[in-house]
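Chemist: give me a model of this one.
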Amino acid sequence: MSPQAEYRRWLHSKGLCVDCKQRDAFTMNGRWRCAECGEKYNQRTSELRKGGRGKKEQEAANRRNAERREAGLCVQCGKPAVSGKTRCLRCLEQNRRSAARKFRRQYPETNFPRGDNGICYLCNKQPALEGKKLCQSCYDLRAAQALKLPRDRNGHFWKKLNVR
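Modeler: Modelled structure (predicted):
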């Protein structure tokens, strides 16, 4: 925990407003801010939520990202980017994990049995094939789609990185 966070917790434990350091009925009832500072904070955060970033900050970020893209650097951290991508390997992995966590939060596995109940998990209508999670029609459809995929798997960017 940062020293600033510790200090704010200490102020809160003493019943003081974390902004103006005054004691009032709001802070004595467990609030972090007094009535005036709470109102100011709510107004400030609602303005930020409406506009997102300020116009200057957004323009600066766009400019920085464009410069990094042209230089072949990661737009997130500034390290060398993977060829053909705008992010480095570490940031790509972080974004992938973050997206997976978000997906798991939005769609918990309990909502999707994914074929464990003996019914096709794609159409949820027909019984699944023995040892599979797809019905015959969905299985045939996926098999036809798989045949259309390119067979050359050496084109992945991470395989090109391992060449010395």
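Chemist: care to break this structure down by domain?
Modeler: Domain ranges of the chain: 3-51, 54-112, 113-149, per automatic domain parsing.
Chemist: how about the ones you listed in TSV, adding mean neighbour count and mean pLDDT?
Modeler: Heads up, the C-betas are built off the backbone N, CA and C, glycines and all. Conversion of these to TSV gives the following (neighbours: other Cβ atoms under 10 Å; pLDDT from 0 to 100):
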stretch	mean neighbour count	mean pLDDT
domain 3-51	13	83
domain 54-112	12	88
domain 113-149	13	83
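Chemist: how near is the residue sitting nearest the centre point of the chain to residue 91?
Modeler: Here the mean C-alpha position of the chain is nearest to the C-alpha of residue 98 (Cα atoms, centre = their mean), at a distance of 4.1 Å. The span separating residue 98 from residue 91 equals 10 Å under the rule Cβ to Cβ, to the nearest Å.
Chemist: what do you get for residue 10?
Modeler: 36 Å.
Chemist: and what of residue 24?
Modeler: When distance is defined by Cβ to Cβ, residue 24 is 45 Å away from residue 91.
Chemist: residue 16 too?
Modeler: Taking Cβ to Cβ as the measure, residue 16 and residue 91 are separated by 40 Å.
Chemist: residue 133 now?
Modeler: For residue 133 relative to residue 91 (Cβ to Cβ), the value is 34 Å.
Chemist: repeat that for residue 147.
Modeler: For residue 147, the distance to residue 91 equals 35 Å [Cβ to Cβ].
Chemist: and what of residue 20?
Modeler: When Cβ to Cβ is the yardstick, residue 20 and residue 91 sit 40 Å from each other.
Chemist: and what of residue 104?
Modeler: Separation of residue 104 from residue 91 (Cβ to Cβ) stands at 20 Å.
Chemist: end-to-end on stretch 123-134?
Modeler: With Cα to Cα, to the nearest Å as the measure, the ends of stretch 123-134 fall 8 Å from one another.
Chemist: please state the offset of it from the chain centre?
Modeler: Using Cα atoms, centre = their mean, to the nearest Å, the mean C-alpha position of stretch 123-134 is found 33 Å from that of the whole chain.
Chemist: same deal with stretch 65-82?
Modeler: On the basis of Cα atoms, centre = their mean, stretch 65-82 sits 20 Å off its chain's mean C-alpha point.
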